[in-house]
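Chemist: coordinates only, no sequence provided:
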């Protein structure tokens, strides 16, 4: 049994086909956890499962849009049937908006970003909670954003969705703290990932600087994953309801 308490555990990581999710799934597997790799991209999910199994770990892929209840149900059923339950949920999947100002946001952009970034994590948390409550323990880690801490770090829809993730995180933490279930979130700063869904072509960190402010050093996905895994581990047993910036001090500016 590893000191993290994750060895042999059952972990769901969403958005695990690339970027922070991929790095997180690989790190959980390295700790001995069995991982459900959930992603919209079938090839990305399959590649991560192959990486984990090639290294001697255990993983299953679930492919689909996590804002759909049927996909959420499949994710949970896969973890329960394959691994006997769910110890950890990492709500990492997300999309960007077009850095759109409030007056210019269309209904379609608003509804899609909120659905993927906020409603899907809620649906997944709602689905895993009965299994965690039955066991009397569990950990949920949500991926918020620098945009969840300030108003000028992204467009209106993305910023609102990530502020919502913070509220969801704190609500879950308070509601279930006496049931052995902890919920925390990371708030990544600029990180090398493939997140998309609305950012115009060519809008990498450099071109987004007028919106983003003093972003500082761009992090690697593995740096975010290290904090996510820590928050899910026994080492963070008394950490609950925390929103942890992983941004090289950007939020301190």
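Modeler: Perfect, I can see it now. Keep in mind that what you see is a predicted model, and the values were worked out from it rather than measured.
Chemist: isn't residue 59 right up against residue 48?
Modeler: Yes - counting by CB atoms under 8 Å, residue 59 touches residue 48, with 7.1 Å between them. No exception for glycine: its C-beta is placed from N, CA and C like everyone else's.
Chemist: which neighbours do the two share?
Modeler: The contact sets of residue 59 and residue 48 overlap at 25, 37 (CB atoms under 8 Å, 6 or more residues apart in numbering).
Chemist: where's the closest residue to residue 64 other than its chain neighbours relative to residue 124, distance?
Modeler: Sequence neighbours aside, residue 71 is the residue nearest to residue 64 in space, at 3.5 Å (criterion: CB to CB, 6 or more residues apart in numbering). Separation of residue 71 from residue 124 (CB to CB, to the nearest Å): 10 Å.
Chemist: which of the two has more residues huddled nearby?
Modeler: residue 124 (25 against 20; other CB atoms under 10 Å).
Chemist: and that one, what pLDDT?
Modeler: pLDDT, residue 124: 98.
Chemist: mind listing what it touches?
Modeler: By CB under 8 Å, 6+ apart, the neighbours of residue 124 are 12, 14, 66, 72, 75-76, 89, 91.
Chemist: which strand or helix spans it?
Modeler: Using DSSP states H and E, residue 124 falls within helix 120-135.
Chemist: buried sites along that helix?
Modeler: When burial is assessed from 16 or more other CB atoms under 10 Å, helix 120-135 yields the following buried residues: 120-125, 127-129, 131-132.
Chemist: dump those to CSV, plus distance to residue 98.
Modeler: Below are the buried residues of helix 120-135 laid out as CSV (distance: CB to CB, whole Å):
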residue, distance to residue 98
120, 20
121, 21
122, 24
123, 25
124, 25
125, 27
127, 30
128, 32
129, 34
131, 37
132, 36
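Chemist: nearest to residue 80, of those?
Modeler: Checking the buried residues of helix 120-135 against residue 80 by CB to CB gives residue 131 as the nearest, at 6.4 Å.
Chemist: good, wrapping up.
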